[in-house]
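> one predicted model, sequence on top.
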Amino acid sequence: MDKRYEQPVMERLADRFGDTEGGDFATFLIQTAENAVEDNLPDYLSQLKGCTKDSFLEELDDYNIEVIYKRLAANSVAYMLLSRCGLDADGYFEREDFAE
């Protein structure tokens, strides 16, 4: 993505997913991913809780399932946003950020 489009993209994403604490474009995208996951968490979490049978999640309580899901979903969305905007997503995440 051309640098001249960063500000308009940031404004549009902020309108849709809420403000962030500032920082560079990559930090903005990561925080936007966290906001988006938080906004949609109840919908996705209820579906996930219905699919935990015979998985390691079956042994966890609702709070721990939520914590794991939120972290993995936010990291995944942020990675996708960074990649789609032409940034080196591998520079912001490690393999462990996508595993539990």
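It's in.

> Ala33 and Asp61, how far apart?
25 Å (Cβ to Cβ, to the nearest Å). Yep, even glycine has a C-beta here, placed from its N, CA and C like the rest.

> so where's the chain shaky on pLDDT?
For the chain, applying pLDDT under 70 flags no range at all.

> state which helix of the protein is the longest.
Ranked by residue count under DSSP state H, the longest helix found in the chain is helix 25-49.

> just say helix, strand or coil for Thr20.
coil (DSSP: H, G, I helix; E, B strand; the rest coil).

> which one's more surrounded, Ala33 and Asp61?
Shown here are Ala33 and Asp61; by other Cβ atoms under 10 Å, Ala33 has more neighbours (22 against 7).

> which one in this protein is furthest away from the centre?
Asp54 (25.7 Å; Cα atoms, centre = their mean).

> show me what contacts that one?
For Asp54, the contact set (Cβ atoms under 8 Å, 6 or more residues apart in numbering) is empty.

> can you tell me how far the most centrally placed residue in the chain is from Pro8?
For the chain, Ala74 is the residue whose C-alpha lies nearest the centre (Cα atoms, centre = their mean; 1.8 Å). Distance from Ala74 to Pro8, counting by Cβ to Cβ: 24 Å.

> tell me which other helices or strands the one helix or strand Ile68 maps to touches.
Element membership for Ile68 (DSSP states H and E) is helix 62-84. Applying 3 or more Cβ pairs under 8 Å, 6 or more residues apart in numbering; DSSP states H and E, we find helix 62-84 packed against helix 25-49.
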